[in-house]
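Peer 1: Need coordinates for the below:
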Amino acid sequence: QLQLVESGGGLVQSGGSLTLSCTASGFNLDFYAVGWFRQVPGKEREGVYCIGGRTGTIEYEDSVKGRFRIYRNNAAVYLEMNSLKPEDSAVYFCAAQMPGDYCSMWRASYDHWGQGTRVTVSS
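Peer 2: Next up, the predicted model:
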């Protein structure tokens, strides 16, 4: 059973940086499509960034363009977040799906989810 674990969230000032990690014990995420989503109370979970498996293709939400970056390293997937804004505050979730050549920004495309890590950006 694939179990995802996110880490790296925390409190940061506006303009600061955080890097979130998504790992799966006993599994190599290199072959999975992995997406990062975020959710604030009262809103739907939205896709932020995703990366395909073998293809490595990526998609991202427009508001994070040039500020966030997704990458793989050592069987994990990372979301590097720079120039953070208060509106980036949310609980961030990683999700994975196999087959995973291409990723999706739709949460319904993923069967496996982590518990989330909270990011708070102060103004």
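Peer 1: mind checking the SS state of the residue nearest the centre of the chain?
Peer 2: Nearest residue to the geometric centre of the chain (C-alpha atoms, centre = their mean): Trp36, 2.3 Å. Put simply, Trp36 is strand when judged by DSSP: H, G, I helix; E, B strand; the rest coil.
Peer 1: Does it touch Ile70 like I think?
Peer 2: Yes - the criterion here is C-beta atoms under 8 Å, and Trp36 meets it with Ile70 at 6.7 Å. All C-beta atoms are positioned from the backbone trio N, CA, C, and that covers glycine.
Peer 1: list residues touching both of those two?
Peer 2: Here Trp36 and Ile70 share the contacting residues 49-50, 77, 79, scored by C-beta atoms under 8 Å, 6 or more residues apart in numbering.
Peer 1: Now do the strands in this protein.
Peer 2: With DSSP state E as the criterion, the chain has strands at 4-7, 10-13, 18-24, 33-39, 46-51, 58-60, 68-73, 76-81, 90-97, 112-113, 117-122.
Peer 1: and those as CSV, adding mean pLDDT and distance to Cys103?
Peer 2: Output for these, formatted as CSV (pLDDT from 0 to 100; distance: least, C-beta to C-beta, whole Å):
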stretch, mean pLDDT, distance to Cys103
strand 4-7, 96, 14
strand 10-13, 98, 26
strand 18-24, 97, 13
strand 33-39, 98, 4
strand 46-51, 98, 3
strand 58-60, 96, 6
strand 68-73, 96, 9
strand 76-81, 97, 10
strand 90-97, 97, 8
strand 112-113, 96, 13
strand 117-122, 98, 20
